[in-house]
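Visitor: Turn this into a model:
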Amino acid sequence: MVDPYRQPKSFTPLATLYVLVFYTGVIGAAIKEQFYKEKYWEDHPGEVVPLMKPMFYSSPWKVYRGDILPPNQ
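Guide: Okay, here's the model as predicted:
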């Protein structure tokens, strides 16, 4: 016997979840960078804040048109 036709499940909840998680990560990274800058300014007033090291990327990387960071420890 043939089963009756059912509509496929919607991808809208999954896509909404992915968008929500992505923007949560973006906002979290912006907040973390702001805290990093504020802490650096408290310790070194009047100086330019150096670039923040990447959190999940441990390989060597180049910075074009900016300061070069010391190697990872």
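Visitor: Count the neighbours of Lys37 for me.
Guide: 12 (other C-beta atoms under 10 Å). Yep, even glycine has a C-beta here, placed from its N, CA and C like the rest.
Visitor: Please apply the same query to Pro50.
Guide: Residues lying near Pro50 (other C-beta under 10 Å) number 15.
Visitor: Ok, Val49 next?
Guide: Neighbourhood size, Val49 [other C-beta under 10 Å]: 14.
Visitor: One more: Gly46?
Guide: Neighbour count of Gly46, defined by other C-beta under 10 Å: 5.
Visitor: That one and Thr24, how far apart?
Guide: Between Gly46 and Thr24 the distance is 34 Å, computed by C-beta to C-beta, to the nearest Å.
Visitor: can you check Trp41 too?
Guide: If you measure Trp41 against Thr24 using C-beta to C-beta, the figure is 26 Å.
Visitor: go on, Ala30?
Guide: From Ala30 across to Thr24, the span is 11 Å (C-beta to C-beta).
Visitor: go on, Asp3?
Guide: Distance of Asp3 to Thr24, computed by C-beta to C-beta: 39 Å.
Visitor: And for Gln34?
Guide: Distance, Gln34 to Thr24, by C-beta to C-beta: 16 Å.
Visitor: which residues touch stretch 13-27?
Guide: Residues from elsewhere that reach stretch 13-27 (C-beta atoms under 8 Å, 6 or more residues apart in numbering): none.
Visitor: Using CSV, write down the CA coordinates of that stretch.
Guide: Only the C-alpha atoms of stretch 13-27 are listed here, as CSV (Å, rounded to 0.1, in the frame of the first residue of the first chain):
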residue,chain,number,x,y,z
PRO,A,13,14.0,26.3,12.5
LEU,A,14,17.5,24.9,11.6
ALA,A,15,18.4,28.0,9.5
THR,A,16,17.1,30.3,12.3
LEU,A,17,19.2,28.4,14.8
TYR,A,18,22.4,28.7,12.7
VAL,A,19,21.8,32.4,12.2
LEU,A,20,21.3,32.9,15.9
VAL,A,21,24.4,31.0,16.8
PHE,A,22,26.5,32.9,14.2
TYR,A,23,25.5,36.3,15.4
THR,A,24,25.9,35.3,19.1
GLY,A,25,29.5,34.4,18.3
VAL,A,26,30.0,37.7,16.5
ILE,A,27,28.7,39.7,19.4
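Visitor: Right, I'll call it a day here.
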